[in-house]
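Novice: mind looking at a prediction? Sequence and model below.
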Amino acid sequence: MALKGNLRNFSTTQLLNLINLAQKSGALTIYEGIPTGEMDALGEPKYSPGKDRASVFFRGGKLVHAAMGEQDGNLASVLHKSGKLNDRQATVIRERAANTGDKALALLLIQANYVTQADIVTSVRQHTLDIVYDLLTWDNGPFLFDDSKTPPEDRITVPIELENVIIEGSRRMKELERLNEELPNLDLALKFPEDPGDKFKGIQLSVEEWRVVSFVNPKNSIRQIAKANNMNDLEIRRIVYGLLQAGLVELIKPPGMDDKARQAMGARRRKEAPQIKKTVVNKLIDRIRTL
Amino acid sequence: MQTVKMVITGPFASGKTEFIRSISEIEVVSTERDIKTPAEQVKDQTTVAMDFGRITVDDDLVLYLFGTPGQRRFDFMWEILAEGMLGFVVMVDSSKPETFREAKSILETFRAYAPTPYVVAANKQDHPDAWSPEDLRIALRIEEGVKLLPCVAREKESVKNVLLELLYSILEEMES
């Protein structure tokens, strides 16, 4: 089923979160937007997909490969960029191995003691992350997730857990207004998921993130956690948003919040559900079934 | 005679009027006017006050379906419509991700109005650009316990299914 839209309405971070949670495989492609002259449901200009700006590949919810538009992403370039090959080596290898796939080239370079396997894995991993971090800052452009696409055969793929990418992505996300929209209520509390699985295994949190995590408790509102850590609203929102997107914490109402909300809402307080008998509901069910 | 009501809510052009029209036994009483602003020109008319449909159960019982106005500037009507509702349906246009944020916001607003059961209808599932219900659940951050149902609002059977699932949820809550 289609998974398409515009980054303006559904950010890269949100897409990565969806792909992570649904453990999807396929390719997310972000395109140059060509104005169609029409408006979308929000009255914003509509764009149709133009040239590919970037493609990111996933397997089972893990990031495995990324390519930026027409940028040369072959292994020689990747190793050159990471400093594992000098200028001369890179030029020679590009010339001599122009028709050699990345996997075959990797074997040749390891056998010739140019680089180690670890060098290759680290460089490819960093190259993939650099592309993804770059596109996390994009806030416009049509996108399409195609679950039938796989990375090019000759490319080396390195599986990368998305949780850390999402956390880093939210660090880089400078859309402050969006943060406010995503997390408008600082009176909510945080709790750890019922089934955290391996989410915390190998996770890399900053000192500030660990400080927030250490206060996670259904009794502590986000506002209280911020106060305890001397953080302003923006700082706490940024950290909590990242933790939420990575699935490391969940929002929960702290005890007594409904009472406070009811008092605060005054005239707009919650109304009680109407007192209806079960027989009435059963009659409605029977009637609708016969329609 | 006893009357009960359900509210059909959701963002602008999510299919609320069509949903009610598919199942109401009367011609839907719709308070629509021509669209004026470019943002609203994806369809010719929009609901200003509310849509109103009816399903008669028997001589003693009638179900009313109220559709909320799709535009935010009429949200003062929402609380009035929410008064005494048995439950509510949040319609989402599965093919328009730009409306997902608004759908979530409307859902939260109605949850705050009344502690009644609700379901989310992933409408326009027949559209080639429709997001699947599973992806919508993640995108809208709908909890696992909340029903998120595929829907095509112009198909009566699909609408029946959504209303029945809401009624089952209401029964479950009564029995819990």
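Specialist: On my side now, so go ahead.
Novice: list the contacts of the residue nearest to A:Leu85 when sequence neighbours are not counted.
Specialist: Take A:Leu85 and drop its neighbours on the chain: the residue closest to it by C-beta to C-beta, 6 or more residues apart in numbering or on different chains is A:Leu79, 4.5 Å away. Where C-beta positions appear, they are placed from N, C-alpha and C, glycine not excepted. When contacts are counted by C-beta atoms under 8 Å, 6 or more residues apart in numbering or on different chains, A:Leu79 is found next to A:85, A:90, A:109, A:115, A:119-120, A:123.
Novice: likewise A:Val121?
Specialist: For A:Val121, the contacting residues are A:Val158, by C-beta under 8 Å, 6+ apart.
Novice: what of B:Arg141?
Specialist: B:Lys104.
Novice: just read off the phi/psi values of it.
Specialist: With angles defined as degrees, to the nearest 10, B:Arg141 sits at phi 50, psi 60.
Novice: strands of chain A, start to end?
Specialist: Secondary structure of chain A (DSSP state E): strands at A:3-6, A:26-39, A:45-59, A:62-68, A:142-146, A:189-191, A:250-252.
Novice: is B:Val89 in contact with B:Met6, as I believe?
Specialist: Yes. Using C-beta atoms under 8 Å, B:Val89 is in contact with B:Met6, at 6.8 Å.
Novice: mutual contacts of those two, please.
Specialist: Common neighbours of B:Val89 and B:Met6 (C-beta under 8 Å, 6+ apart) are B:163, B:166.
Novice: now do the same contact list for B:Val162.
Specialist: Shown in contact with B:Val162 (C-beta under 8 Å, 6+ apart): B:19, B:89, B:119, B:121, B:149, B:151.
Novice: columns pLDDT, neighbour count and distance to A:Leu75 on top of those residues, output as TSV?
Specialist: Conversion of the contacts of B:Val162 to TSV gives the following (pLDDT from 0 to 100; neighbours: other C-beta atoms under 10 Å in any protein chain shown; distance: C-beta to C-beta, whole Å):
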residue	pLDDT	neighbour count	distance to A:Leu75
B:Phe19	95	29	54
B:Val89	97	28	53
B:Val119	97	23	51
B:Ala121	98	32	49
B:Leu149	97	18	48
B:Cys151	97	26	48
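Novice: and of these, the nearest to B:Pro11?
Specialist: Of all those, B:Pro11 sits closest to B:Ala121, with 12.2 Å by C-beta to C-beta.
Novice: mind checking how far the residue in the stretch 51-200 of chain A positioned nearest to chain B is from B:Arg101?
Specialist: For the stretch 51-200 of chain A, the residue closest to chain B is A:Glu181, as judged by C-beta to the nearest C-beta, at 7.0 Å. Separation of A:Glu181 from B:Arg101 (C-beta to C-beta, to the nearest Å): 7 Å.
Novice: drop anything exposed from the contacts of A:Leu79.
Specialist: A:85, A:90, A:109, A:115, A:119-120, A:123 (16 or more other C-beta atoms under 10 Å in any protein chain shown).
Novice: residues in contact with B:Ser24?
Specialist: Taking C-beta under 8 Å, 6+ apart, we find B:Ser24 in contact with B:53-55, B:65.
Novice: returning to what we had before: how many neighbouring residues does the residue of the stretch 51-200 of chain A closest to chain B have?
Specialist: Here the count is done by other C-beta atoms under 10 Å in any protein chain shown, and A:Glu181 has 12 residues near it.
Novice: so it touches B:Glu102, yeah?
Specialist: No. In this structure, A:Glu181 is not within contact of B:Glu102 by C-beta under 8 Å, at 10.7 Å.
Novice: what about the longest helix in chain B?
Specialist: When chain B is parsed with DSSP state H, its longest helix is helix B:156-175.
Novice: care to break chain A down by domain?
Specialist: Using automatic domain parsing, the domains assigned to chain A come out as A:3-163, A:175-267.
Novice: which stretch in the ones you listed is the model least sure about?
Specialist: Per-stretch mean pLDDT for the domains of chain A is lowest at domain A:175-267 (a mean of 76).
Novice: do a quick rundown of the helices in chain B.
Specialist: All helices of chain B, identified by DSSP H, fall at B:16-23, B:76-82, B:100-113, B:133-140, B:156-175.
Novice: would you mind finding the most buried of the ones you listed?
Specialist: helix B:16-23 (a mean of 24; mean count of other C-beta atoms under 10 Å in any protein chain shown).
Novice: hmm, back to that, and the helices of chain B, which one averages the lowest pLDDT?
Specialist: helix B:76-82 (a mean of 75).
Novice: what packs against that helix?
Specialist: Other helices and strands packing on helix B:76-82, by 3 or more C-beta pairs under 8 Å, 6 or more residues apart in numbering or on different chains; DSSP states H and E, are strand B:2-9, strand B:45-58, helix B:100-113.
Novice: what strands flank the shortest one, and is each parallel or antiparallel?
Specialist: So the one you mean is strand B:2-9. Counting by DSSP bridges, the strands paired with strand B:2-9 are strand B:61-67 (parallel), strand B:87-93 (parallel).
Novice: what sits against the spatially closest residue to B:Glu155 that is not a sequence neighbour?
Specialist: With sequence-adjacent residues excluded and distances taken as C-beta to C-beta, 6+ apart, B:Glu155 is closest to B:Ser22, at 6.8 Å. If you count contacts by C-beta under 8 Å, 6+ apart, B:Ser22 has them with B:153-156, B:158-159.
Novice: all the helices of chain A, residue numbers only.
Specialist: Under DSSP H, chain A gives helices at A:12-21, A:75-81, A:87-96, A:102-111, A:117-136, A:162-172, A:176-182, A:207-213, A:222-228, A:233-245, A:257-265, A:278-290.
Novice: deepest of these, which one?
Specialist: The highest mean neighbour count among these, using mean count of other C-beta under 10 Å, belongs to helix A:12-21: a mean of 23.
Novice: give me the contacts around it.
Specialist: Identification of contacts with helix A:12-21 by C-beta under 8 Å, 6+ apart yields A:3, A:24, A:28, A:30, A:58, A:61, A:63, A:132, A:135-136, A:138, A:143, A:145, A:162-163, A:165-166, A:169-170, A:173, A:245-247, B:135, B:138-139.
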